[in-house]
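Chemist: Fold the following.
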Amino acid sequence: CLATLIIMLVGDTYTLINYVSFINYLCYGVTIIGLIVLRWKKPKIFRPIKVNLLVPITYLAFWAFLLIFSLYSEPVVCGVGLIIILTGVPVFFLGVYWRNKPKCVNRLIESMTCWGQKLCFVVYPQGGGAEEE
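Modeler: Numbers count the residues shown, from 1 in each chain. The predicted structure follows:
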């Protein structure tokens, strides 16, 4: 979010849309790859919708073409998009991977989470939490 806010203040909206569209297409392709890997490694798990593997494989072929074309035609935009994605790596390590955080860090993370939930109207109702679902 911070990187997006900085880009919005520095650049124009068209450039931000280009960065985000590259990130979206990259994430879509990785999701489809994950679907294929799960179909291969865990074929017995429940799937509410199951399609022929030809559909995601065809999608991946077009996705790879568009991604390679984007990397060739606008390498700077794609590079900035990758940098935006990589800004989440330190957040992952600080928030998820680091298990034995000091209490002050946990309190800071909890207060930021609570503030963000209130800002975006995504607070759980009283008495209900994510653990109960």
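
Chemist: Report the buried residues of the host helix or strand of residue 78.
Modeler: Secondary structure assignment for residue 78, by DSSP states H and E: helix 75-86. Under the neighbour-count criterion of 16 or more other CB atoms under 10 Å, helix 75-86 has 77, 78, 80, 81, 84 buried. Every residue, glycine included, has its C-beta placed from N, CA and C.

Chemist: Closest one of those residues to residue 66?
Modeler: Nearest to residue 66 among the buried residues of helix 75-86 is residue 78, at 11.4 Å by CB to CB.

Chemist: Summarise which helices and strands the helix holding residue 78 is packed against.
Modeler: Secondary-structure packing of helix 75-86 (3 or more CB pairs under 8 Å, 6 or more residues apart in numbering; DSSP states H and E): helix 2-10, helix 13-41, helix 54-73.

Chemist: for the longest one, packing partners?
Modeler: Spelled out, that is helix 13-41. In this structure, helix 13-41 packs against helix 2-10, helix 54-73, helix 75-86, with contacts taken as 3+ CB pairs under 8 Å, 6+ apart.
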